[in-house]
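1. return a 3D structure for these sequence lines:
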Amino acid sequence: MTAPTPTAARRGRSRRAVAPLAAALTVLVAGATLTGCGRQRDSAVYTVMNSSTDETYHRWDAQAMARCGERLGVTIEQQSVPAAQVMTKALRMASSKSLPDIVQFDASEMPTFADAGGLIDLRRLGLSTGDIPQGIINFGSYKGIYYGAARSVNTLALFYNKDMLAQAGLNVPGTWAELRDTARKLTQGRRYGLALSAGGAEDGVFQFLPFMWSNGGDERRLDGPRVVEALDFWKALLKDGSLSRSTVNWTQADVNDQFMAGNAAMMINGPWQVETLNTKKSLHWGVARIPVPRAGSGSVSPLGGAVLTVPNTGDAAREKTAGRIVACLSGEREQLTYALNSWMVPADAEVAALWRKRVPELDALAGQVAAARSRTAELGAGWSGVSLALQSAFQSALTGESSKAALTRAQQRATSGK
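-> Numbering: from 1, shown residues only. Below you'll find the model as predicted:
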């Protein structure tokens, strides 16, 4: 992945699939966590492992942990590792019986660890989900058990250059037909009407899902007609010249670079780009929901972000206190602070309402989040295989193969697990 942003939460999607780790993880977690801690721990010091390697995110998390530590009468230490290493680091720590008290997993990776018996049900530790939308509860759940608490979530939306649309006398598109027509009219010279990521990684899958899901496509049947139609729509945009042929190589960060440079009038992207967008004062951008196949259809996109989990260390007393720390870090006060810092949407519905008032320019994103879905809700730990199959399918389709043929092979690959 070439995106420069430091955390999975900020990027709004997960790293490459971790399926090759699953078998080893099951053995090591089952054998390591249930037998108790392998080292002595300071009873007043608790550790949170996350991917906040970026200086600003690390500082925001440290401040939140200091506040929660003071409220709870404990010291909370932060251990940050690169986003792509969180799962492998947790695996190594499980094997040496040295798991931290709390691990912040990308939500799409969490089911793999939960499936191996490595996590504690947060409801058992006293956490409530009363004000959290069901989609976000599912985001942190596996097989109906609530393992991960989100502080904030994100999803994708349509970003557009207000000046370019106004100069062309065009309205913000709301349907696929309008998006195709608007993108075609905005494509001039070196400027494309639309930019999106169709790279062979989770970035591309994350961007394809709003088109697939809003059209009624199902991740359990990748060769279904609704999925084929969605991929055919991408191919039509490419055939029109409204998308760059380089889109098959672009990450979401690359898409944002094209938009900021004026090489794209619209883009599909997420709130993690807002901080960078705001550095260019001459760029007047707006946000809208991702266009839908037909007027009146619902726009369904994937939830992105990370969840706070409590590993199964076998130390019930520490797990209970870790649960209280997770409750504090994901509580209303800390959610709002974190969301305002990071431009993400608070997980709690009441906090999200306050957030909308503070950042009205992102109201469309909050609306998109309300209808968003977890990538792992249907398939759990099996999502990684489907993701890899989809990546291969749209790469093949956008470089010449028919959508039907590419997705038929993808379904075979996902079913076989190869």
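
2. tell me who's in contact with the spatially closest residue to residue 66 that is not a sequence neighbour.
-> Spatial nearest neighbour of residue 66, chain neighbours left out: residue 76 (7.4 Å); criterion: Cβ to Cβ, 6 or more residues apart in numbering. In short, each C-beta sits where N, CA and C put it, glycine included. Counting by Cβ atoms under 8 Å, 6 or more residues apart in numbering, residue 76 touches 45, 46, 47, 48, 65, 66, 68, 69, 325.

3. so what pLDDT did the third one get?
-> Among the per-residue scores, residue 47 shows a pLDDT of 97.

4. does it touch residue 102 like I think?
-> Yes - contact between residue 47 and residue 102 holds when scored by Cβ atoms under 8 Å: they sit 7.2 Å apart.

5. check which helix or strand residue 77 maps to.
-> strand 75-80 (DSSP states H and E).

6. that older thread, between residue 47 and residue 102, who's got more neighbours?
-> residue 102 (25 against 18; other Cβ atoms under 10 Å).

7. my guess is that one contacts residue 323, does it?
-> No - taking Cβ under 8 Å as the definition, residue 102 is not a contact partner of residue 323, at 9.1 Å.

8. so what sits against both of those two?
-> Joint contacts of residue 102 and residue 323 (Cβ under 8 Å, 6+ apart) are residue 310.

9. center of this protein, which residue is that?
-> residue 304 (1.9 Å; Cα atoms, centre = their mean).

10. beta partners for that residue?
-> Bridge pairing for residue 304 (DSSP bridges) gives the partners residue 154.

11. tell me if I'm right that it and residue 157 touch.
-> No - using Cβ under 8 Å as the test, residue 304 is too far from residue 157 to be in contact (11.7 Å).

12. between those two, which contacts overlap?
-> With Cβ under 8 Å, 6+ apart, residue 304 and residue 157 have common neighbours residue 270.

13. hmm, back to that, got the angle between the helix or strand just after the strand holding residue 77 and strand 75-80?
-> Moving toward the C-terminus from strand 75-80, the next helix or strand (DSSP H and E) is helix 86-95. Relative orientation of helix 86-95 with respect to strand 75-80: 120 degrees, computed using axes from the mean of the first three to the mean of the last three Cα atoms, to 10 degrees.

14. for helix 86-95, list the C-alpha coordinates in PDB.
-> The C-alpha trace of helix 86-95 is given here as PDB (Å, rounded to 0.1, in the frame of the first residue of the first chain):
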ATOM      1  CA  VAL A  86      -0.600  -5.000  14.500                       C
ATOM      2  CA  MET A  87      -1.900  -8.500  13.700                       C
ATOM      3  CA  THR A  88       1.500 -10.200  13.400                       C
ATOM      4  CA  LYS A  89       2.700  -8.400  16.500                       C
ATOM      5  CA  ALA A  90      -0.300  -9.600  18.500                       C
ATOM      6  CA  LEU A  91       0.300 -13.100  17.200                       C
ATOM      7  CA  ARG A  92       3.900 -13.100  18.400                       C
ATOM      8  CA  MET A  93       2.900 -11.700  21.800                       C
ATOM      9  CA  ALA A  94       0.200 -14.400  22.100                       C
ATOM     10  CA  SER A  95       2.800 -17.100  21.500                       C
END
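
15. the helix or strand just after it versus strand 75-80: what angle between them?
-> Counting by DSSP H and E, the next helix or strand C-terminal to helix 86-95 is strand 102-106. Interaxial angle, strand 102-106 versus strand 75-80 (the same axes, to 10 degrees): 30 degrees.

16. what sits up against strand 102-106?
-> 8-9, 14-15, 46-51, 83, 86-87, 90, 113, 148, 305-311, 322, 325-326.

17. who does it pair with, and is each partner parallel or antiparallel?
-> In the sheet, strand 102-106 lines up with strand 45-50 (parallel), strand 306-309 (antiparallel) (DSSP bridges).

18. ok, how many other residues are close to the closest residue to residue 231 other than its chain neighbours?
-> In this structure, residue 231 finds its nearest non-sequential neighbour in residue 403, 4.0 Å apart by Cβ to Cβ, 6+ apart. Close neighbours of residue 403, defined as other Cβ under 10 Å, add up to 22.

19. roughly how far apart are residue 403 and residue 228?
-> 5 Å (Cβ to Cβ, to the nearest Å).

20. same deal with residue 155?
-> 24 Å.

21. compare those two (neighbour count), which wins?
-> Using other Cβ under 10 Å as the criterion, residue 155 and residue 228 rank with residue 155 on top: 31 against 23.

22. could you check the pLDDT of the more buried one?
-> Model confidence at residue 155 (pLDDT) stands at 93.

23. that one touches residue 365, doesn't it?
-> Yes - using Cβ under 8 Å, residue 155 makes contact with residue 365 at a distance of 6.9 Å.

24. got any residues that touch both of these two?
-> Counting by Cβ under 8 Å, 6+ apart, the shared contacts of residue 155 and residue 365 are 270, 345.

25. quick check: pLDDT value at the residue nearest to residue 231.
-> 97.

26. my read: it touches residue 396, true?
-> No - assessed by Cβ under 8 Å, residue 403 is found out of contact with residue 396, at 9.2 Å.

27. just the buried residues of the helix ranked longest in the chain, please?
-> The longest helix of the chain (DSSP state H) is helix 55-72. Neighbour-count burial for helix 55-72, counted by 16 or more other Cβ atoms under 10 Å, picks out 57, 58, 60, 61, 62, 64, 65, 67, 68, 69.

28. nearest spatial neighbour of the fourth one, chain-adjacent residues omitted?
-> Counting by Cβ to Cβ, 6+ apart, residue 61 lies nearest to residue 52, which is 4.8 Å off, once chain neighbours are set aside.

29. point out where the stretch 1-150 of the chain drops to low pLDDT.
-> Along the stretch 1-150 of the chain, the parts satisfying pLDDT under 70 run over 1-40.

30. ok, what's across the strand from the residue nearest to residue 66?
-> With DSSP bridges as the rule, residue 76 is bridged to residue 46.

31. next one: it from residue 329, what distance?
-> For residue 76, the distance to residue 329 - Cβ to Cβ - is 9 Å.

32. shared neighbours of the two, anything?
-> 48, 65, 68.

33. what's the closest of those to residue 283?
-> For the shared contacts of residue 76 and residue 329, the closest approach to residue 283 (Cβ to Cβ) belongs to residue 65, at 34.9 Å.
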